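Undergrad: generate coordinates for the sequence data below:
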Amino acid sequence: MNIILMSSLFGVAAFVLPATASKEDLKVSVSVWPPGSEVFLEECVLLQCTVASNSTFVWRYRWFRHKPDTVQKTQENPRHMVSGGSYSITAVTWEDAGSYWCRAERSDSNGTVVLLSGPTTLSVSELLLPSLTLTPSTRHMFIGDTFTIRCPEPQTSSSSWVLRQTSPSHGTRTYDSKTAACSPLEGSIGAARSGTCVLSAARRHAGLYWCEDAEGRSKAVHITVSSGPVIMRTPAFAVPQGSSAVLSCHYWRGNHTKSTFFRNGIEMCTTSSSSPGRDIKLTIANVTEAHQGFYKCASQDRKLESAESWLSVRRHSLSADLSAGSNPGYWIGSCVCILFILVAIWLIHYFKYKMIYTQSCWTPSGEESPATALPATKQDVTEVQWDLSWMEMSNLLSHT
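TA: Residues are numbered from 1 along each chain as shown. Modelled structure (predicted):
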């Protein structure tokens with residue numbers, strides 16, 4: 001039995017057991033959407049494993065992190081989801097940085113072919129530039145729902161944003177804000193704002209969306225399009241810590257008055273609506289990181305249940321303070337506060353020093369206090385013994 005090792009310039013290796021007569025050029029690679037090795041906090045990222053070959057074999061895929069072996073597999077993380085050759089990450093965190101591998105396998109009468117990709121390394125950073133706007137702010141839509149996507153304002157008059165989308169077949173379609181044409185996405189342009197793309201949700205509109213220009217890109221958001229019976233709507237982007245988050249159990253049809261909400265598979269509560277309808281909402285006030293997780297909802301009789309939707313909570317960061325520092329009023333207020341703090345510290349130290357100096361050096365009348373004799377104390381026994389020994393030793397020395 002022969003073992004053949006083939007490697008390419010891109011670090012791709014293929015192991016064939018046993019050697020077959022096929023001369024197809026087998027290559028496996030991992031593509032990242034949005035393209036690039038740098039991903040941003042709280043956005044959605046998709047990794048796609050692809051085998052380039054002339055055959056139509058059905059491949060089985062396995063994913064690995066940090067080490068491409070059978071021991072270190074994908075971590076047990078609810079934000080990391082594997083579906084065949086697709087590896088998606090919801091709401092990227094700092095811990096998601098690292099190397100990723102995929103392995104493709106197939107078996108037939110001639111043997112087993114195992115292909116291992118080269119490492120794909122992701123680095124995580126925080127995006128301070130404006131991101132795209134999604135209205136309504138939810139990643140889950142019903143077929144026929146109207147939603148709008150707006151790219152940030154161009155940095156200069158000569159530049160323009162390009163809205164990109166990866167379709168379910170992983171093709172890329174674009175919308176150019178300069179030409180004000182949404183035809184590739186089969187939508188229309190809002191009359192008030194030329195940079196807004198208005199879409200009527202269809203299956204082809206599912207996928208990742210992000211904006212690009214000459215300076216870089218925005219965060220990517222993943223949109224799913226469903227035909228029912230119920231979807232769980234959570235905010236599309238991270239909710240600031242301390243604010244309120246509105247969750248919605250949205251039904252395809254019918255009138256509903258109660259819904260049960262779950263977090264990470266555990267029942268939270270049952271919420272009632274004052275009037276029957278398709279939407280039953282749950283408001284979480286003063287959200288913290290403890291509220292972060294996957295949410296789903298179900299009808300009162302539990303016959304209708306939604307898929308899970310992630311709620312992300314953004315903690316306070318120094319970057320937000322730095323971005324706020326571009327406002328002149330921010331700097332003026334900061335300088336006043338710092339000056340006030342320095343004056344307060346100086347006053348505290350001044351009066352503390354004056355009080356200590358007064359108590360240790362000055363008398364209440366400003367005159368020196370008369371010296372007082374120390375009270376007589378009884379001599380300690382050990383002192384007497386020590387004195388006697390010293391006297392005896394002196395006598396001995398004098399006689400010598």
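Undergrad: avg pLDDT for the helix or strand that contains residue 82?
TA: Take DSSP states H and E as the rule and residue 82 turns out to sit in strand 80-83. For strand 80-83, the mean pLDDT works out to 90.
Undergrad: repeat that for stretch 45-57.
TA: 84.
Undergrad: outline the domain layout of the chain.
TA: For the chain, automatic domain parsing gives the domain ranges 4-125, 127-227, 229-315.
Undergrad: which of those has the lowest mean pLDDT?
TA: Among the domains of the chain, domain 127-227 scores lowest, with a mean of 75.
Undergrad: now the helices: where do they sit in the stretch 151-300 of the chain?
TA: Here the stretch 151-300 of the chain has no helices by DSSP state H, counting those that start in this stretch.
Undergrad: all strands of the stretch 1-150 of the chain, in order?
TA: Secondary structure of the stretch 1-150 of the chain, counting by DSSP state E, counting those that start in this stretch: strands at 4-7, 13-17, 27-33, 38-40, 45-52, 60-65, 80-83, 86-89, 98-108, 111-116, 120-125, 133-135, 140-142, 146-150.
Undergrad: picking that back up, in the strand holding residue 82, what's buried?
TA: Neighbour-count burial for strand 80-83, counted by 16 or more other CB atoms under 10 Å, picks out residue 82. The C-beta positions use only the backbone N, C-alpha and C, and glycine is treated the same way.
Undergrad: stretch 144-163 too?
TA: Across stretch 144-163, burial judged by 16+ other CB under 10 Å covers 145, 147, 148, 149, 150, 151, 152, 154, 160, 161, 162, 163.
Undergrad: of the residues you listed, which pair is most distant in space?
TA: 145 and 154 (28.3 Å; CB to CB).
Undergrad: hey, which of the strands of the stretch 1-150 of the chain is tucked in deepest?
TA: strand 140-142 (a mean of 21; mean count of other CB atoms under 10 Å).
Undergrad: elements contacting that one?
TA: Judged by 3 or more CB pairs under 8 Å, 6 or more residues apart in numbering; DSSP states H and E, the packing partners of strand 140-142 are strand 221-226, strand 230-233.
Undergrad: hey, which of the ones you listed is tucked in deepest?
TA: strand 230-233 (a mean of 24).
Undergrad: that one pairs with which strands?
TA: Strand 230-233 has the following strand partners under DSSP bridges: strand 245-251 (antiparallel).
Undergrad: orientation of the partner strand relative to strand 221-226 in degrees?
TA: With axes from the mean of the first three to the mean of the last three CA atoms, to 10 degrees applied, the angle from strand 245-251 to strand 221-226 works out at 20 degrees.
Undergrad: list of residues touching strand 245-251?
TA: For strand 245-251, contacts defined as CB atoms under 8 Å, 6 or more residues apart in numbering pick out 138, 140, 142, 228-235, 239, 256, 259, 261, 271, 278-284, 287, 291, 295, 297, 299, 304, 306, 311, 313.
Undergrad: what are the buried residues along that strand?
TA: Neighbour counts over strand 245-251 (16+ other CB under 10 Å) mark 245, 247, 248, 249, 250, 251 as buried.
Undergrad: ok, now how distant is the fifth one from residue 139?
TA: When you say that, I think you mean residue 250. Residue 250 sits at a distance of 12 Å from residue 139 (criterion: CB to CB, to the nearest Å).
Undergrad: over to the last one?
TA: If you measure residue 251 against residue 139 using CB to CB, the figure is 17 Å.
Undergrad: for the third one, same thing?
TA: In this structure, residue 248 lies at 12 Å from residue 139, with CB to CB as the measure.
Undergrad: then residue 131?
TA: Distance, residue 131 to residue 139, using CB to CB: 14 Å.
Undergrad: swap in residue 270?
TA: 24 Å.
Undergrad: residue 97 too?
TA: In terms of CB to CB, residue 97 sits 23 Å off from residue 139.
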